[in-house]
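Visitor: can you look at this prediction? I've put the sequence above it.
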2 protein chains.
Amino acid sequence: MTGNRRPTIKTVAARAGVGRTTVSRVVNGSDLVSADARARVLAAIKELNYVPNSVARGLVTNRTDAVALVIPESESRLGSEPFFAAIIRGVSGACAESRIQLQLMLVRDEAERDQLAESVATRRVDGVLLVSVHSGDRLPGMLEEMGLPTVLAGRRDAGEQLSYVNADNAGGAAAAVRHLLGRGRRRVATITGPLDMDVGRSRLAGWRAAHREAGVAAPDLLVETGDFTEEGGAHAMRLLLERVPDLDAVFAASDLMAVGALAELRRWRRRVPEDVAVVGFEDSVLARHTNPPLTTVRQPVEELGRTMARILTDITQHGADRRQITLPTELVVRESS
Amino acid sequence: MTGNRRPTIKTVAARAGVGRTTVSRVVNGSDLVSADARARVLAAIKELNYVPNSVARGLVTNRTDAVALVIPESESRLGSEPFFAAIIRGVSGACAESRIQLQLMLVRDEAERDQLAESVATRRVDGVLLVSVHSGDRLPGMLEEMGLPTVLAGRRDAGEQLSYVNADNAGGAAAAVRHLLGRGRRRVATITGPLDMDVGRSRLAGWRAAHREAGVAAPDLLVETGDFTEEGGAHAMRLLLERVPDLDAVFAASDLMAVGALAELRRWRRRVPEDVAVVGFEDSVLARHTNPPLTTVRQPVEELGRTMARILTDITQHGADRRQITLPTELVVRESS
DNA sequence: TGTCAGGGTGGGAACGTGCCCATTTTGGAG
DNA sequence: CTCCAAAATGGGCACGTTCCCACCCTGACA
């Protein structure tokens, strides 16, 4: 209980009978050190239970080996937790591999988001991972201007210049709608995500593309905008049913909205899938627990997080260039279609 | 594009025509500085867009204003994501208030967990938040010995000496079982959590206590051990049905196990709640989406995370003592009972 | 007018590390 | 055995901050 200070590189050097530099070299794996010295240093490290001080190291190297993962809480709160949880798992796994520290920043409102650039500057992270970016978002640009490599989960628009990892939203949506049309559905409505996000627009574009491809008309009458929430899905479903009573299928741009749609359909006494087929997007845990189990487009969310982290470490550690990657999606057919 | 370095405290001092110390005082809110000097410094800070370097600060203060949140991934993977997501939200919110940085560490296996102490030592965090601790776990003790204040989510046993925040597991379980007995159920089985965790034992103790209180026998025949997973719940339910065909209620120690139990009961053609009533524990999102909606014991998970973070910052920032807190739970009656 | 208390101020040292560069040691060739 | 290149080594400095301490200045009091 003597309040022993932690051993420093100096302590180790003295114990091993070498200079500080030699210890530093051993710790950082340089090969300019004799086998004998290395052995003595390693022994001293073990005896003293020495761990290098990453704060001091960061001061001189100007790197922290840490990245920030920024998640807007307003959107994660709404039950889309499985998505963010999977992102976090993927990111965390990749970071652990590269011995990179993960700093989590949940931003609760615009004010906190504006403050983010400063916070990130103070904290001296090596890079930033941004989830859920809206179209006109200026934050990513600001970060890159500050010299902070940034990787987005999902692009802001089709011409995105920054690094991003994306699911094949248009392709997945098209596959879903193709599936519905292929089973003889003729009035396939869609509940979109927010149209100020590329993910919302792309999935809508996929719905359109599949119709075009099949030579089926796709009137705007069949399109209702949602907000990725359960309530939003239910509300959109109601508007659609009022407007197009004879619709026989719905493609919802997220599982959560599909759940809301299912509830609304139940209220209207429409049977799923007999009267109306329903398809969601994401394949979250939810999809397996709805009644009936939900046909949906699986996106590899954990892989998405992992890829984001890998791109970022390639940039920060190996000076790689910006990269844009789109991951494939896959239709999972269950009983709602 | 001149590769302009970030301004340091020295740059600011020069610009404001004062010494480094004065700038430092202004930044840290000391009142030993004249109004005139303060104004000049603040102006310079704004002009130069200066942000203090927390790494350099950490080197001299020996504090990082960062805490680590450690979550075993093996357990978070199993669909209990809502629990961990809520913990993270609570912790993150409290950290943001105190301007504390949150470092997330998902540990995937024993090896990573063993390495954790070293990792945390290298990273120089001010304290550690540990989720999901098992009974004999030595890690918390090791951390405290290293001088790292540690707060647990859930205690290791009833005599826990370290700081922890806990839900009233025994009380909540007792309320659930009391509710079942009160509605005339006479063969109330239970699917427990892992008995090497206090949370598992305490909820079982609550089941026992409610029986004792009502003067109803609680034979071990009615107890089956689960592992907090859906499959575990289904498996335990099957064993119970084989052993006690005439059971008329089940208290599952988690929502996820209750979901598994519901599925198994459906396979056995038992109606819920007519033949068998089911109660879960946690009140996760899942509970509202089961068929029928699940009666469950709500635990304030986000509040739990928030409280953990507050206790830790009280210790690290204000030198407070260790603290043990138990948060109340609340029975939420839905249609499964 | 001289003294002194105390608010303001700034320079120096230290925190623990990586890296530059000068110096010492080693080993092999002549 | 000598010499020299290359390998091995260690000291000094810098990174950006906080804190200690010495100093200066102002104004009140004797």
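Guide: Sure thing, it's come through.

Visitor: not counting sequence-adjacent ones, nearest residue to the residue in chain A positioned nearest to DNA strand D?
Guide: Going by Cβ to the nearest atom of the strand, DNA strand D is nearest to residue A:19 of chain A, at 2.5 Å. Yep, even glycine has a C-beta here, placed from its N, CA and C like the rest. Excluding the flanking residues, the one nearest residue A:19 by Cβ to Cβ, 6 or more residues apart in numbering or on different chains is residue A:13, at 5.8 Å.

Visitor: from residue A:53, how far off is the one you found?
Guide: According to Cβ to Cβ, to the nearest Å, residue A:13 and residue A:53 sit 14 Å apart.

Visitor: tally of neighbours for residue A:28?
Guide: A count of neighbours around residue A:28, defined by other Cβ atoms under 10 Å in any protein chain shown, yields 9.

Visitor: and what of residue A:143?
Guide: 22.

Visitor: what strand or helix carries it?
Guide: helix A:139-145 (DSSP states H and E).

Visitor: any buried residues in that helix, and which?
Guide: A:139-140, A:143-144 (16 or more other Cβ atoms under 10 Å in any protein chain shown).

Visitor: same question, stretch A:211-218
Guide: Going by neighbour count (16+ other Cβ under 10 Å), the buried part of stretch A:211-218 is A:211, A:218.

Visitor: run through who's touching it.
Guide: The contact list for stretch A:211-218 (Cβ atoms under 8 Å, 6 or more residues apart in numbering or on different chains) reads A:174, A:177-178, A:181, A:186, A:188, A:207-208.

Visitor: between these, which is closest to residue A:268?
Guide: Of all the contacts of stretch A:211-218, residue A:188 has the smallest distance to residue A:268: 17.3 Å, by Cβ to Cβ.

Visitor: ok, now which ones touch the residue nearest to residue A:19?
Guide: A:19-20, A:22-23.

Visitor: where are the low-confidence patches of chain A?
Guide: A:1-4, A:75-80 (pLDDT under 70).

Visitor: so which residues of it form helices?
Guide: Along chain A, counting by DSSP state H, helices occupy A:9-16, A:20-27, A:35-48, A:54-61, A:73-76, A:81-97, A:110-123, A:139-145, A:169-182, A:198-214, A:230-243, A:255-267, A:285-289, A:301-318.

Visitor: related to what we said a few turns ago, closest to chain B out of the buried residues of helix A:139-145?
Guide: Of all the buried residues of helix A:139-145, residue A:144 has the smallest distance to chain B: 12.7 Å, by Cβ to the nearest Cβ.

Visitor: in contact with the residue nearest to that closest one when sequence neighbours are not counted, which residues?
Guide: Distances taken as Cβ to Cβ, 6+ apart place residue A:150 nearest to residue A:144, at 5.4 Å, with adjacent residues excluded. Contacts for residue A:150 were tallied using Cβ under 8 Å, 6+ apart; they are A:127-130, A:140, A:143-144, A:162-163.

Visitor: next: residue A:42.
Guide: Residue A:42 makes contacts with residue A:26, as judged by Cβ under 8 Å, 6+ apart.

Visitor: go again with 6 Å.
Guide: Contacts here follow Cβ atoms under 6 Å, 6 or more residues apart in numbering or on different chains; on that basis residue A:42 touches nothing.

Visitor: if we can go back for a sec, against residue B:85, how distant is the residue nearest to residue A:19?
Guide: 46 Å.

Visitor: DNA strand C contacts on chain A?
Guide: Residues of chain A found near DNA strand C (Cβ under 7 Å from any atom of the strand) are A:5-6, A:8-10, A:20-21, A:24, A:27-28, A:52-53, A:56-57, A:59-61.

Visitor: ok, now which ones touch residue A:162?
Guide: Contact analysis of residue A:162 by Cβ under 6 Å, 6+ apart lists A:140, A:150, A:152.

Visitor: ok now the helix holding residue A:143, how far from the chain's centre?
Guide: Mean-position distance between helix A:139-145 and its chain equals 18 Å (Cα atoms, centre = their mean, to the nearest Å).

Visitor: packing partners of it?
Guide: strand A:150-153 (3 or more Cβ pairs under 6 Å, 6 or more residues apart in numbering or on different chains; DSSP states H and E).

Visitor: cutoff 8 Å now
Guide: When contacts are defined as 3 or more Cβ pairs under 8 Å, 6 or more residues apart in numbering or on different chains; DSSP states H and E, helix A:139-145 packs onto helix A:110-123, strand A:127-131, strand A:150-153.

Visitor: quick one: contacts for residue A:253?
Guide: So residue A:253 contacts A:173, A:190-193, A:199-200, A:203-204, A:226, A:228, A:281 (Cβ under 8 Å, 6+ apart).

Visitor: quick one: which of these has the most company?
Guide: Per-residue neighbour counts (other Cβ under 10 Å) across those peak at residue A:191, which has 33 neighbours.

Visitor: what separation do you get for that one and residue A:332?
Guide: In terms of Cβ to Cβ, residue A:191 sits 18 Å off from residue A:332.

Visitor: same question for residue A:198.
Guide: From residue A:198 to residue A:332 the distance is 23 Å (Cβ to Cβ).

Visitor: show me which of these two is the more surrounded one.
Guide: Set side by side, residue A:198 and residue A:332 show more neighbours around residue A:198, with 24 against 17, by other Cβ under 10 Å.

Visitor: contacting residues for the residue in the stretch 101-250 of chain A positioned nearest to DNA strand C?
Guide: Proximity to DNA strand C, evaluated over the stretch 101-250 of chain A using Cβ to the nearest atom of the strand, is greatest for residue A:124 at 13.5 Å. Shown in contact with residue A:124 (Cβ under 8 Å, 6+ apart): A:58, A:62, A:64, B:53-55.

Visitor: got TSV for those, with neighbour count and distance to residue A:108 too?
Guide: Listed next are those as TSV, based on neighbours: other Cβ atoms under 10 Å in any protein chain shown; distance: Cβ to Cβ, whole Å:
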residue	neighbour count	distance to residue A:108
A:58	22	28
A:62	12	31
A:64	23	24
B:53	19	26
B:54	22	22
B:55	22	26
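
Visitor: and of the contacts of residue A:253, the nearest to residue A:327?
Guide: Closest approach to residue A:327 among the contacts of residue A:253 (Cβ to Cβ): residue A:199, at 12.9 Å.

Visitor: surely that closest one is in contact with residue A:170?
Guide: No. The pair residue A:199 and residue A:170 does not pass the contact test of Cβ atoms under 8 Å, sitting 10.0 Å apart.

Visitor: need the overlap of contacts for those two.
Guide: Common neighbours of residue A:199 and residue A:170 (Cβ under 8 Å, 6+ apart) do not exist.

Visitor: tell me the one of the buried residues of helix A:139-145 nearest residue A:103?
Guide: residue A:143 (14.0 Å).

Visitor: next up, the contacts around the closest one.
Guide: A:117, A:120, A:128, A:130, A:150.

Visitor: are any of these buried, and which?
Guide: In those, the ones that pass as buried (16+ other Cβ under 10 Å) are A:117, A:120, A:128, A:130, A:150.

Visitor: need these in JSON lines with distance to residue A:291, can you?
Guide: What follows is the buried ones among the contacts of residue A:143, written out as JSON lines (distance: Cβ to Cβ, whole Å):
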{"residue": "A:117", "distance to residue A:291": "45"}
{"residue": "A:120", "distance to residue A:291": "44"}
{"residue": "A:128", "distance to residue A:291": "41"}
{"residue": "A:130", "distance to residue A:291": "36"}
{"residue": "A:150", "distance to residue A:291": "41"}
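
Visitor: quick revisit: so which of the helices and strands packed on helix A:139-145 is the most surrounded?
Guide: strand A:150-153 (a mean of 27; mean count of other Cβ atoms under 10 Å in any protein chain shown).
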